[in-house]
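K.L.:
The following comprises the amino acid sequence and a computationally predicted model.
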Amino acid sequence: MTLPSSPDLPFSTRGVAIRLFFTCWLIFSVHLATNTVREIYLALAIGDHFSFRVDQYGGMHPDLFEKPGHGWHIGNNPGASMLGAVPYALARPAIDVIVDRVNRARVASGRSEPPGYASPRPMARAFYQEAWRRGYDIKFRLASVVMFARKVNPTYALSHITAPYPSTALYEQVKNDPSFRFSDGTLFPEAIENDHFTLRELKRVTRKAYLNYYLRPSYIWSRLARGEISALAGQVRLFLQFVRS
């Protein structure tokens with residue numbers, strides 16, 4: 001499809017394409033999806049154990065198969081899984097800490113059944129319930145975000161703490177779940193907390209996400225190679241302001 005170009009348009013064709021790409025990337029990278037794609041199983045197995053066996057995820061997807069004496073495997077797009085395993089392995093220390101804290105909090109709360117998932121797709125609901133029971137739901141969400149954001153490699157990356165707005169499903173869920181609470185008593189709380197993740201801890205994790213992304217040698221070199229010195233200088237100033245805050 002060719003986008004129209006006219007002096008009356010506020011943006012050039014290239015400007016529209018860039019804004020459209022950034023919008024799509026932002027939506028996908030900041031949305032913690034409840035379900036995910038089948039390629040994630042092999043990516044996690046490689047990142048966790050440097051193995052192509054996906055035994056721990058057996059039975060979670062129709063494309064996972066078991067070969068007697070050789071464990072569980074999946075043959076769908078292994079190349080994509082191998083690429084995704086790289087950013088996941090780099091982010092694994094932080095992901096493991098978060099997953100462990102969430103799962104320990106669930107055990108301490110005595111909750112044994114997952115919350116409801118309002119999806120019209122039966123398989124999606126079944127997947128979420130099984131992932132929650134096995135303690136993998138948070139791991140799947142965080143790993144998906146890391147794999148997508150790192151491999152797309154955008155010029156700018158955003159990472160924000162989820163803010164529960166009144167009258168939304170998330171807000172009502174927090175109100176009715178004793179294991180969670182709002183970070184403050186204002187109309188628009190800054191974050192969702194529990195006994196293991198306070199607002200201070202969430203800010204620390206967010207700060208670490210920015211540092212890990214923008215201080216990568218490959219990212220710095222790619223910006224220098226483009227020769228965009230003035231734009232890079234402005235970005236460095238913003239980055240330093242964030243780090244110091």
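P.N.:
That came through, no problem.
K.L.:
Sticking with Tyr88, tell me its helix or strand.
P.N.:
Taking DSSP states H and E as the definition, one finds Tyr88 inside helix 78-109.
K.L.:
and that helix, which residues are buried?
P.N.:
Buried residues in helix 78-109, counted by 16 or more other C-beta atoms under 10 Å: 80-81, 84-85, 87-89, 91-92, 95, 98-99, 101-103, 105-106. Heads up, the C-betas are built off the backbone N, CA and C, glycines and all.
K.L.:
And for stretch 160-176?
P.N.:
164, 171, 174.
K.L.:
just to revisit the earlier point, could you point out which element follows the helix holding Tyr88?
P.N.:
helix 122-134.
K.L.:
Show me the contact partners of that next one.
P.N.:
34-35, 56, 59-61, 114-115, 117, 119, 137, 140 (C-beta atoms under 8 Å, 6 or more residues apart in numbering).
K.L.:
What ranges does the chain have for its strands?
P.N.:
65-67, 71-73, 181-182, 192-193 (DSSP state E).
K.L.:
mind listing what the last one pairs with, with the direction of each?
P.N.:
Looking back up the chat, that one is strand 192-193. strand 181-182 (antiparallel) (DSSP bridges).
K.L.:
wait, Gly84 sits on Val37?
P.N.:
No: judged on C-beta atoms under 8 Å, Gly84 makes no contact with Val37 at a distance of 9.7 Å.
K.L.:
count of residues packed around Pro114?
P.N.:
Neighbours of Pro114 under the rule other C-beta atoms under 10 Å: 15.
K.L.:
ok, now how distant is it from Ser167?
P.N.:
24 Å (C-beta to C-beta, to the nearest Å).
K.L.:
now swap in Arg200 and tell me
P.N.:
Distance from Arg200 to Ser167, by C-beta to C-beta: 27 Å.
K.L.:
what's the closest non-adjacent residue to Met82?
P.N.:
Sequence neighbours aside, Ile46 is the residue nearest to Met82 in space, at 6.3 Å (criterion: C-beta to C-beta, 6 or more residues apart in numbering).
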